[in-house]
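**Q** One predicted model, sequence on top.
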Protein chains: 2
Amino acid sequence: MELPAEFALIARHFRPLAGPGALDLRDDAALLTPPPGRDLVLTVDAMVAGVHFLPDDPPDLVARKLLRVNLSDLAAKGAVPLGYLMTVSAPPATPDSWFAAFAAGLAQDQATYGVTLLGGDTTSTPGPVSLSLTIIGHVAPGTAVHRSGAQAGDGVWVTGTIGDGALGLAVARGKLTDPTGFLLGRYRLPQPRVGFPLAGIASASMDVSDGLVQDLGHICRESGLAAEIAVQDVPLSDAARKAGPDWLPTCLTGGDDYEVLMAVPPAQEAALRQAAAQAGIPVTRIGHFHSGPPAVMVRTASGEPFALTSGGWSHF
Amino acid sequence: MELPAEFALIARHFRPLAGPGALDLRDDAALLTPPPGRDLVLTVDAMVAGVHFLPDDPPDLVARKLLRVNLSDLAAKGAVPLGYLMTVSAPPATPDSWFAAFAAGLAQDQATYGVTLLGGDTTSTPGPVSLSLTIIGHVAPGTAVHRSGAQAGDGVWVTGTIGDGALGLAVARGKLTDPTGFLLGRYRLPQPRVGFPLAGIASASMDVSDGLVQDLGHICRESGLAAEIAVQDVPLSDAARKAGPDWLPTCLTGGDDYEVLMAVPPAQEAALRQAAAQAGIPVTRIGHFHSGPPAVMVRTASGEPFALTSGGWSHF
């Protein structure tokens, strides 16, 4: 009794990724015994060829980005990753080698981040490759850091550097040169800050995916505060600095950073610096929250408003 | 500070669907305290316009089908539905009224089935509408019914009637008439058997989504058994009978039934009939499992093999 082609494809490429509870992807559903005494943290992201990645991007990098953008959401809540469910809709003519490379990318990152595949669905589509990934993590009860907890006087902090992903997209589109390949690498393969110790330190946090200014605006709106950041304090990579000041608005609004954006009370700054140093993750204070109608002001070194062309990325 | 259009769309249409732990869809992730002492059951399905539904199908029915096909997977494991996460990728020109109707369909079925939206992602796509839905349910530890537990001598049982969904698709494509609209209704709006009492009765189960013969083949393969069914015992609706015998192969292989297919030991048959009667869900014995290489034999009333043109639906 031969397997239909769809199931043979799943068996060949995705079954090796299946973890405990996935029932080898041979059943209607996965079983998961939740870690006792922990809360679950759940998030989902979709990625579409031609919107979130380029149709000819290497499939292993597409898969790893799909997993990592979700890991980044967990990281921004302080959660420990556990497992994921995934859908892959691909044109009927998609070669087997595409699936093989896609699965190989997932296998590589599963090992890096300690997650396994719990379940999925593979379908055909008359359109571009469309992917979705639901990830499940866990936290100690009550310790998940929300977007809504910022207080007036808290500092605005970010991990890593801002703007590399947006510049990498410009490189992929032939609009910018990238002699070292650093920017393109940052666009194609986010480095989610899994394990960054937020609990008890940050009063609010989220990951930067839609652009620093827009995402900071989300924290402002949910916390009922305004924020002000100093453009010269926003941490840039060497490659981003070399792109020149014309690209600075792109860095601030372009998105695809997958760094953690935090509100940190002054009393917690020493703890933050110590925790970040232990985790080997750079952190930078770029501004502060203050009372006022929700808004984000970006100022130049001389205190003038910095001109931005766009708030961030909106799909509709 | 105005919301970008994407977030306004989410706030307008999807926030009213958000349940406890969804944080009003205002955060990176949802929080879920698992029901104490229960195992979680998780499954995901994708639906693509032009593959799983027709592009001009009413959006409320598309949404309800998306939710119901996942509820059907939970039902086939004996799980109680809890909540779901969803992705919607739609062309940028999709009118607001499409989203409004889509969300209204979800709201209606959330009330029916006692589930709420935990999180989601809304993106644009240059292709057809692409949807995914991950659903979470729960069972008493160790009571989830798998595909792999059938024993030789168990009966093959199904709930409801078989083939209506496949015939409804033929109606939608103009290949069959449907004076009462019953078949089209069954195709567009599955009736998942949520709450059907499987635990302790069925030795194996799954839902019929890819065609009775193919899905029975899954239970055979995972249980290491053969199965034989009698075509005259397969329960058909009045509308399916009226379509005539030429459509019988379509009924057996076409899929979209969302009924529960079970292996039931003879000693449990009385319990099954009683539980089904209490749940108000018809059940029918259509054959039996026996030892042998995994295979499904469909026999006519005179004992001859019944000719099938296709095993079931495969996407690749």
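**A** On my side now, so go ahead. Source: prediction; values computed, not measured.
**Q** So residue A:306 versus chain B, what's the distance?
**A** Taking C-beta to the nearest C-beta, to the nearest Å as the measure, residue A:306 falls 17 Å from chain B. Where C-beta positions appear, they are placed from N, C-alpha and C, glycine not excepted.
**Q** residues contacting the closest residue to that residue other than its chain neighbours?
**A** Leaving aside its sequence neighbours, residue A:306 sits nearest to residue A:298 (C-beta to C-beta, 6 or more residues apart in numbering or on different chains; 4.2 Å). With contact set as C-beta atoms under 8 Å, 6 or more residues apart in numbering or on different chains, residue A:298 has these partners: A:213, A:228-231, A:252, A:305-306, A:308.
**Q** So which of these sit within helices?
**A** A:213, A:252 (DSSP state H).
**Q** Could you look up the SS state of the closest residue in space to residue A:136 that isn't next to it in sequence?
**A** Closest residue to residue A:136 apart from its sequence neighbours, by C-beta to C-beta, 6+ apart: residue A:82 at 4.9 Å. Three-state call for residue A:82 (DSSP: H, G, I helix; E, B strand; the rest coil): strand.
**Q** How about residue A:75?
**A** The three-state label given to residue A:75 by three-state DSSP is helix.
**Q** Residue A:293 now?
**A** Residue A:293 falls in the coil class when you classify it by three-state DSSP.
**Q** Show the contacting residues for the nearest residue to residue A:279 once chain neighbours are set aside.
**A** Closest residue to residue A:279 apart from its sequence neighbours, by C-beta to C-beta, 6+ apart: residue A:196 at 5.8 Å. Counting by C-beta under 8 Å, 6+ apart, residue A:196 makes contact with A:75, A:78, A:159, A:260, A:275-276, A:279, A:281.
**Q** burial count for the closest residue to residue A:292 other than its chain neighbours?
**A** Nearest in space to residue A:292, with sequence neighbours left out and distances taken as C-beta to C-beta, 6+ apart, is residue A:226 at 3.7 Å. Residue A:226: 19 surrounding residues under other C-beta atoms under 10 Å in any protein chain shown.
**Q** before we move on, the earlier item: if you tally nearby residues, what's the number for the residue nearest to residue A:136?
**A** 23.
**Q** Can you read off the pLDDT for it?
**A** Listed pLDDT for residue A:82 reads 95.
**Q** again with residue A:309
**A** Note for residue A:309: predicted pLDDT of 69.
**Q** quick one on the thing from earlier: would you say the residue nearest to residue A:279 is within a strand?
**A** No: going by three-state DSSP, the assignment for residue A:196 is coil, not a strand.
**Q** Which phi and psi values does it adopt?
**A** phi -70, psi 130 (degrees, to the nearest 10).
**Q** Excluding sequence neighbours, find me the nearest residue to the closest residue to chain B within chain A.
**A** The nearest approach of chain A to chain B comes at residue A:127, 2.0 Å away (C-beta to the nearest C-beta). Among residues not flanking residue A:127 along the chain, residue B:127 sits closest, at 2.0 Å (C-beta to C-beta, 6+ apart).
**Q** Let me know how buried that neighbour is, in neighbour terms.
**A** Neighbours of residue B:127 (other C-beta under 10 Å): 24.
**Q** Please name the residues that touch it.
**A** Contacts of residue B:127 by C-beta under 8 Å, 6+ apart are A:48, A:50, A:125-128, A:130, B:89, B:91.
**Q** near chain B, which residues of the stretch 101-250 of chain A?
**A** Counting by C-beta under 8 Å from any C-beta of the partner chain, the stretch 101-250 of chain A comes close to chain B at A:118-128, A:130, A:132, A:134, A:136-137, A:139, A:141, A:144, A:146-148, A:206-207, A:214, A:217-218, A:220-222.
**Q** Just the buried residues of the residues you listed.
**A** A:118-125, A:127-128, A:130, A:132, A:134, A:136-137, A:139, A:144, A:146-148, A:206-207, A:214, A:217-218, A:220-222 (16 or more other C-beta atoms under 10 Å in any protein chain shown).
**Q** Filter those down to just the ones in helices.
**A** Per DSSP H, these map to helices at A:214, A:217-218, A:220-222.
**Q** that older thread, looking at the contacts of residue A:196, which are in helices?
**A** Those of the contacts of residue A:196 lying in helices (DSSP H): A:75, A:275-276, A:279.
**Q** ChimeraX command to pick out the buried ones of these?
**A** Per 16+ other C-beta under 10 Å, the buried members of the ones in helices among the contacts of residue A:196 correspond to this ChimeraX selection:
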select /A:75,275,276
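**Q** Residue A:167: which of the ones in helices among the contacts of residue A:196 is nearest?
**A** residue A:75 (22.1 Å; C-beta to C-beta).
**Q** Show me the buried ones among the residues of the stretch 101-250 of chain A next to chain B that map onto strands.
**A** A:118-124, A:130, A:132, A:134, A:136-137, A:139, A:206-207 (DSSP state E).
**Q** Which of those residues sits closest to residue B:175?
**A** Using C-beta to C-beta, those come closest to residue B:175 at residue A:124, 20.9 Å.
**Q** show me the contacts for the residue nearest to residue A:218 when sequence neighbours are not counted.
**A** Once flanking residues are discounted, residue A:218 sits nearest to residue A:147: 5.8 Å by C-beta to C-beta, 6+ apart. Applying C-beta under 8 Å, 6+ apart to residue A:147 gives the contacts A:204-206, A:218-219, A:222-223, B:26-28.
**Q** Swap in 10 Å and give it another go.
**A** By C-beta atoms under 10 Å, 6 or more residues apart in numbering or on different chains, residue A:147 lies in contact with A:76-77, A:204-206, A:215, A:218-223, A:261, A:263, B:23, B:26-28.
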